[in-house]
Structures are given as C-alpha cells and as structure tokens.
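Trainee: Whatever this is, show me its structure:
(one chain, ligands or ions: 1)
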Amino acid sequence: PALPAPDVAAVAAVHRTALSQGAPGALTRIDEGPRSYRVATGEADTAAHTPMDTGRRFRVGSVSKTFTSVVLLQLVAEGKVDLDAPANRYLPEPLPDERITVRHLLSHRSGLYDYTNDMFYNTVPGFEAVRNKVFSYQELIDLSTARPLNNTPGAAYSYSNTNFVALGAIVEHVTGTPVATHYQERIFTPLRLKHTSYVHPRTTISGSYARGYLRQDDTTLPLVDSTEQTVSWAQSAGAVISNAKDLNRFFSALLSGKLLPEEQLREMTTMVPVTADGKQSYGLGLRGRTLSCGTTVYGHTGTVQGYYTYAFTTSDGRRSMASLANTSNNGTVNTTLGATLDASFCGTDPA
Ligand SMILES: C[C@@H](NC(=O)[C@@H](C)NC(=O)CCCC[C@H](NC(=O)C[NH3+])C(=O)[O-])C(=O)O
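Mentor: The predicted structure is shown next:
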C-alpha cells in the first residue's frame with residue numbers, strides 16, 4: 001500500500017517544538033526514489049549564528065551500530081563468523097561468560113554492563129574527562145567486565161554499548177583489518193556515501209557540519225559546545241559521522257537488500273519487542289518502530305554529546321527519513337524529535 005505523502009508542515013512544527021525545548025537547531029530529510037523533502041530550522045552554529053541546512057554532517061552516535069552490524073553480517077555470509085558461536089572464539093581476550101554468543105552481542109542480550117552508565121553519570125565532567133581520550137577496545141570491555149552481567153546471556157534485552165565495542169574487536173581480530181577500512185570498502189564506497197566517514201580518533205568533522213551542544217545537568221547553565229571529541233568511548237558503537245542524505249541512502253539500500261544476502265538480512269530484521277506495548281523492537285543492530293498509522297519502520301537512533309539522531313526506512317527501503325537535533329542530555333527534545341517519524345511516514349502529526 002502506498003504511504004500517505006509526508007506532512008512537511010508537521011515536520012517543521014516538530015522542529016519548532018524541539019527548539020522551544022532547548023535545541024539550537026534541527027533538520028529532517030525524507031527521500032523517496034527521486035523525490036526528497038527537506039526541512040531545516042534554527043542554527044548549526046550558535047556563536048556564528050549560522051543557519052541550519054539539511055546538507056550538514058553530524059555525529060550519528062548509535063546509528064553506527066547498524067553499520068557495524070552490516071560488516072559483521074557480511075563476515076557471517078562469508079563464513080568467517082558463526083552467529084551462534086561463542087564470542088570468545090573470535091576475541092583476543094575472553095569475555096567472562098563463555099555462553100555469550102555473537103548473536104547475543106548484536107541483539108543486546110549478552111548481559112554485558114554498559115560502562116557509559118558510570119562514565120557519563122555526571123554529564124559534562126564525564127564528557128570533558130574523555131573527549132580527547134583514545135581508548136582501546138579492551139580498555140572499554142574491561143570497564144564493563146569490572147561489573148557483573150546484568151542478566152544471564154540470552155535471557156533478556158539490555159541495551160549496552162559494550163556489545164558493539166566487542167563486535168568491533170571481533171571484526172578486527174578476525175580480519176586483521178581496522179573497522180574503518182571495512183566501513184569504507186563494504187559500505188561507504190559502494191553506496192557512494194561521500195558525506196560519511198569514520199575518522200576515530202580524529203576530533204574534527206570535515207566539510208560542512210552542524211556544531212553540537214551538550215546540555216548541563218544543571219539546566220540553568222549554558223549549553224557546552226561538544227562538537228570536537230574523539231568519540232573513542234564508543235568507536236564501533238557510535239563514532240560514525242554522516243549526513244541525512246547518506247543515512248537515507250544507507251538504510252534504503254540495506255532494507256532493499258543491496259548490502260546483505262537475503263539470509264543475513266532476514267536474521268537482522270527478525271525483531272524482538274523491547275517495549276511492553278510492542279511498538280519498539282530490536283533485531284541485530286537494528287531498531288524497529290511501529291508508528292501511529294501501523295507502519296513499521298526500521299533504522300536506529302543515536303545519542304552522542306550534542307547530537308540526537310533518528311534514521312529510519314520502510315520495510316522495502318522505498319521511503320527513508322533522517323532527523324537531527326544538535327543538542328543532547330535533553331530527553332524532552334529527544335522524544336519530541338521522534339515525532340518526525342509519524343509526520344514523515346504516516347503523514348500526520350500525532351495529536
Ligand atoms: C541511546 C542511544 N545510544 C547511543 O547513541 C550511544 C552511542 N550513546 C550513549 O550511550 C549515550 C552516552 C551518554 C550521552 C550523554 N548523556 C549523559 O551524559 C547523561 N548523564 C548525552 O546525552 O549527550 C541509542 O542507541 O539510540
């Protein structure tokens with residue numbers, strides 16, 4: 001069934017609400033075949049008063065997890081990794097529980113504790129302490145395994161950055177090649193994602209980009225410009241830089257079967273509900289959301305200091321949307337920005 005046309009006015013209204021709640025700027029781009037709809041609001045740089053525009057690059061945070069999942073699942077298709085083998089078969093140093101499988105890592109069911117809970121307990125001091133740091137995968141895994149598992153491996157969904165750091169370590173240990181090379185050769189180059197890069201541990205963003213502004217825990221204090229950082233605390237769990245057009249092309253290509261063989265795409269899109277109402281689900285490095293009109297879209301969200309991202313597409317990849325608000329540590333803005341999904345795919349602004 002054809003989708004209703006995107007409600008561009010509703011997208012603009014969502015942006016305005018996000019700005020009223022503290023975001024300096026917001027952008028949304030919808031792509032459907034040759035057609036695109038673009039909405040940019042507010043500022044990309046609050047010091048220079050540069051207006052936001054939809055071509056600007058930004059840090060995509062956990063949307064990176066879908067890129068990592070594609071690389072891993074291509075290795076599965078190539079017979080180099082077995083989804084249901086113990087992760088320890090492919091790691092230089094063992095995780096504390098042999099029962100953790102590669103699939104557990106991809107579906108956030110390993111039980112591994114998320115070290116960012118401690119790292120960013122105090123938002124700005126935590127960020128300032130790591131923004132110029134370079135971590136090894138093992139250092140991050142060690143931060144996690146210093147704590148007990150949240151659950152028995154396989155028993156429950158429990159979102160953890162540690163899972164996709166371990167997957168980055170697996171990719172590099174199995175292939176002897178950095179994840180940056182795999183992203184470039186397996187995804188960025190074939191899809192011509194010219195505005196997408198993985199430059200860890202470089203702290204700067206090349207080309208035209210939006211600056212990011214982190215809200216302090218004491219919300220009466222001014223926003224902190226958090227644009228420059230290594231994102232080494234996340235790496236294969238959150239350090240990709242991209243823009244809306246590229247993210248739309250990536251998710252559209254993924255769901256229309258251009259990046260993975262049918263068997264691996266089926267594994268990736270086998271979703272498990274993660275909310276009581278069943279409207280949110282998780283597959284392998286992929287989020288599912290069932291919207292107010294009943295349409296289910298597939299993609300990922302992202303949160304990195306100064307940047308909230310939503311990047312989703314329809315099950316056939318025909319229509320894709322990417323939205324950014326250039327602030328974070330502001331749950332109200334994050335929730336508000338999610339309403340661009342309904343406006344883009346259901347054609348209505350949820351009342
Ligand atoms: C949730 C999101 N996950 C991600 O994108 C990953 C990469 N980000 C995080 O785990 C958030 C780290 C803290 C951000 C900081 N918050 C604090 O420091 C809170 N004390 C901030 O909001 O910028 C996802 O999967 O959609």
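Trainee: Now the residue nearest the centre of the chain. Its backbone dihedrals?
Mentor: The centre of the chain sits closest to Val63, judged by Cα atoms, centre = their mean, with a distance of 1.6 Å. Val63 adopts backbone torsions of phi -60, psi -20, taken as degrees, to the nearest 10.
Trainee: Phe67: which element?
Mentor: Using DSSP states H and E, Phe67 sits in helix 64-77.
Trainee: other SSEs contacting the helix or strand following that helix?
Mentor: Once the chain leaves helix 64-77, the next helix or strand it forms, by DSSP H and E, is helix 102-106. The contact analysis (3 or more Cβ pairs under 8 Å, 6 or more residues apart in numbering; DSSP states H and E) places helix 102-106 against helix 64-77, helix 161-175. Any C-beta I mention is one placed from the backbone N, CA and C, and that applies to glycine too.
Trainee: Repeat the analysis, applying 10 Å as the threshold.
Mentor: helix 64-77, helix 161-175, helix 262-268 (3 or more Cβ pairs under 10 Å, 6 or more residues apart in numbering; DSSP states H and E).
Trainee: C-terminal to it, what's the next element?
Mentor: Using DSSP H and E, the helix or strand that follows helix 102-106 towards the C-terminus is helix 116-119.
Trainee: what about that following helix and the ligand, touching?
Mentor: Yes: Helix 116-119 lies within reach of the ligand by Cβ under 6 Å from any ligand atom, at Thr116.
Trainee: send the alpha carbons of that helix over as PDB?
Mentor: The C-alpha trace of helix 116-119 is given here as PDB (Å, rounded to 0.1, in the frame of the first residue of the first chain):
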ATOM      1  CA  THR A 116      28.900   4.600  29.900                       C
ATOM      2  CA  ASN A 117      26.500   4.500  32.800                       C
ATOM      3  CA  ASP A 118      29.400   5.300  35.100                       C
ATOM      4  CA  MET A 119      31.500   7.200  32.500                       C
END
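Trainee: how far does the helix holding Phe67 sit from the chain's center?
Mentor: 13 Å (Cα atoms, centre = their mean, to the nearest Å).
Trainee: okay, how far is it across stretch 89-107, tip to tip?
Mentor: End-to-end distance of stretch 89-107: 18 Å, with Cα to Cα, to the nearest Å as the criterion.
Trainee: Stretch 271-286 now?
Mentor: Across stretch 271-286, first to last residue, Cα to Cα, it's 8 Å.
Trainee: Just the buried residues of it, please?
Mentor: For stretch 271-286, the neighbour count (16 or more other Cβ atoms under 10 Å) marks Met271, Val274, Ser281, Tyr282, Gly283, Leu284, Gly285, Leu286 as buried.
Trainee: JSON lines please, covering these and showing secondary structure, distance to Tyr213 and pLDDT.
Mentor: Shown next, in JSON lines, are the buried residues of stretch 271-286 (DSSP: H, G, I helix; E, B strand; the rest coil; distance: Cβ to Cβ, whole Å; pLDDT from 0 to 100):
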{"residue": "Met271", "secondary structure": "coil", "distance to Tyr213": "33", "pLDDT": "98"}
{"residue": "Val274", "secondary structure": "coil", "distance to Tyr213": "29", "pLDDT": "97"}
{"residue": "Ser281", "secondary structure": "strand", "distance to Tyr213": "31", "pLDDT": "98"}
{"residue": "Tyr282", "secondary structure": "strand", "distance to Tyr213": "29", "pLDDT": "98"}
{"residue": "Gly283", "secondary structure": "coil", "distance to Tyr213": "32", "pLDDT": "98"}
{"residue": "Leu284", "secondary structure": "coil", "distance to Tyr213": "32", "pLDDT": "99"}
{"residue": "Gly285", "secondary structure": "coil", "distance to Tyr213": "28", "pLDDT": "98"}
{"residue": "Leu286", "secondary structure": "coil", "distance to Tyr213": "28", "pLDDT": "98"}
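Trainee: so which of those residues are also by the ligand?
Mentor: Of the buried residues of stretch 271-286, not one also sits near the ligand (Cβ under 6 Å from any ligand atom).
Trainee: Any figure for the gap between the residue in the stretch 151-300 of the chain that the ligand sits nearest to and Tyr113?
Mentor: Among the residues of the stretch 151-300 of the chain, Gly238 lies closest to the ligand, at 3.1 Å counting by Cβ to the nearest ligand atom. Here Gly238 is placed at a distance of 17 Å from Tyr113 (Cβ to Cβ, to the nearest Å).
Trainee: higher neighbour count, these two?
Mentor: Ranked by neighbour count (other Cβ atoms under 10 Å), Gly238 and Tyr113 place Gly238 first, with 24 against 20.
Trainee: wait, isn't the more buried one in contact with Val60?
Mentor: Yes: with contacts counted by Cβ atoms under 10 Å, Gly238 reaches Val60, the gap being 7.8 Å.
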